[in-house]
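Asker: here is my input; please provide its structure:
(chains A and B)
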Amino acid sequence: MRLTEVRTDPRPVAIARIGVGMATILNSMEAYDILESISRGKVAMPVIEGFPAPTLPWLITLLMLALGAGVAVTVGWNTDKAALVSLMLGVLVLLWDQQTYSSHRLLATLLMTYLIFAKSGTAWSVRPDPGRPSVPWWPQLLMMSQISVVYLFSALSKMNVIFISGGPLAAWVWIELPWQFYTVAAAMTVFVELLIACGLWFPASRRIAVLLGLGLHLSIVTLMNHETFALLTFSLTCISLYPLFLFRPRLREARLATVSGPERSPATSA
Amino acid sequence: MYSGLGGVTLSVVDSDGVETTFDDTDQLVGKFRPEIDWLPSLPEAVCYAIPHAVRVHAVQADRERTVECD
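Answerer: Numbers count the residues shown, from 1 in each chain, chains lettered A, B, ... in the order given. As a prediction, the model looks like this:
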């Protein structure tokens, strides 16, 4: 059986849809805030030379469309179309000015791309499909790979003397502790991110990886002394994907089901 | 989840020849992101924001730029 033929329970990706949709709403408000300040005269840094400068009427239109599409994705109303609109608006925001770039906005935009194909409105939506039919798994696999890469790159980028010294971490958090604590915390951060990136994939370690992920994101949101709004959005995006790992289909059983015949459902969860 | 060119250090020389550090960058930009190359645009913005500025010197990572204000 090809990976593109594997189908699975629609509920985990519905949770991902709700999380990414809510994150998109928050991202839209943050982007509006940045672009609105540029429209008032702050320094513009267009990605493409000659791109029209942001003006208030266009920004209000953009915000209304983005909020509408974000809400539609969150509640699962015309999900595929709403995800497509969200994607296009997300790309527009990223191209409008360099200052709107952030890793969490790019992540949410990429995840929205995969949601277009995920049939994520099948369950737990305002228009659920009767009988809760299975959905294609490959878009979920892309989402899982994406978030795993985020954790892996995050860990690799921190593997340097400056970060491991604990200096940057001490400057980023509001809590004041002895410097030794920050050194240990920095090393632990790298270890935990590596463990999450790999551990999410294996049945034996995925629950521990999820618990570590929840703890990591809780500490990020509560301890960092700046960018709380953006970090909350980022954490919401990441955590909403965890059910995809916890309830991913057993590929071996899916293969057996194909060999045995269609009466055995491939939509099994580990 | 962090990378980039790093922050920008800005110093301003006024008409009396006095050099001061400019720390209020957030008032000039939408989002002060370290991934952005600020040297081509930020010194001019500081010149505009501080009417008595004669010269602005900007340093980002290992690069620098000096602008004479009009």
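Asker: can you name the element that comes right after the one helix or strand A:A82 maps to?
Answerer: Using DSSP states H and E, A:A82 sits in helix A:79-96. Where DSSP H and E defines the elements, the next helix or strand beyond helix A:79-96 is helix A:103-115.
Asker: could I get that following helix in CSV with only the CA atoms?
Answerer: Taking only C-alpha atoms (Å, rounded to 0.1, in the frame of the first residue of the first chain), the coordinates of helix A:103-115 have been written out as CSV:
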residue,chain,number,x,y,z
SER,A,103,9.1,31.4,12.2
HIS,A,104,5.7,30.8,13.8
ARG,A,105,3.9,32.6,11.0
LEU,A,106,5.8,30.6,8.3
LEU,A,107,5.0,27.4,10.2
ALA,A,108,1.3,28.2,10.4
THR,A,109,1.2,29.1,6.7
LEU,A,110,2.9,25.8,5.8
LEU,A,111,0.5,23.8,8.0
MET,A,112,-2.4,25.6,6.4
THR,A,113,-1.2,24.4,3.0
TYR,A,114,-1.3,20.8,4.1
LEU,A,115,-4.8,21.4,5.7
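Asker: which other helices and strands contact it?
Answerer: On a contact count with 3 or more Cβ pairs under 8 Å, 6 or more residues apart in numbering or on different chains; DSSP states H and E, helix A:103-115 meets helix A:11-39, helix A:79-96, helix A:138-157, helix A:228-239. The way it works is simple: take the backbone N, C-alpha and C, and place the C-beta from them, glycine included.
Asker: follow-up on the earlier one: how about the helix holding A:A82: buried residues?
Answerer: Buried residues in helix A:79-96, counted by 16 or more other Cβ atoms under 10 Å in any protein chain shown: A:T79, A:A82, A:A83, A:L84, A:V85, A:S86, A:L87, A:L89, A:G90, A:V93, A:L94, A:W96.
Asker: for it, C-alpha coordinates in PDB please.
Answerer: Once non-C-alpha atoms are left out, helix A:79-96 reads as follows in PDB (Å, rounded to 0.1, in the frame of the first residue of the first chain):
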ATOM      1  CA  THR A  79     -12.600  24.100   5.500                       C
ATOM      2  CA  ASP A  80     -10.700  23.400   2.300                       C
ATOM      3  CA  LYS A  81     -11.700  26.700   0.700                       C
ATOM      4  CA  ALA A  82     -11.100  28.600   3.900                       C
ATOM      5  CA  ALA A  83      -7.700  27.100   4.300                       C
ATOM      6  CA  LEU A  84      -6.800  28.100   0.700                       C
ATOM      7  CA  VAL A  85      -7.900  31.700   1.400                       C
ATOM      8  CA  SER A  86      -5.900  31.700   4.700                       C
ATOM      9  CA  LEU A  87      -2.900  30.400   2.800                       C
ATOM     10  CA  MET A  88      -3.100  33.100   0.100                       C
ATOM     11  CA  LEU A  89      -3.500  35.800   2.800                       C
ATOM     12  CA  GLY A  90      -0.600  34.300   4.800                       C
ATOM     13  CA  VAL A  91       1.700  34.400   1.800                       C
ATOM     14  CA  LEU A  92       0.600  38.000   1.000                       C
ATOM     15  CA  VAL A  93       1.400  39.100   4.600                       C
ATOM     16  CA  LEU A  94       4.800  37.400   4.400                       C
ATOM     17  CA  LEU A  95       5.600  39.100   1.100                       C
ATOM     18  CA  TRP A  96       4.300  42.500   2.000                       C
END
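Asker: residues of stretch A:106-123 that come out buried?
Answerer: Within stretch A:106-123, the residues that count as buried by 16+ other Cβ under 10 Å are A:107-116, A:118-123.
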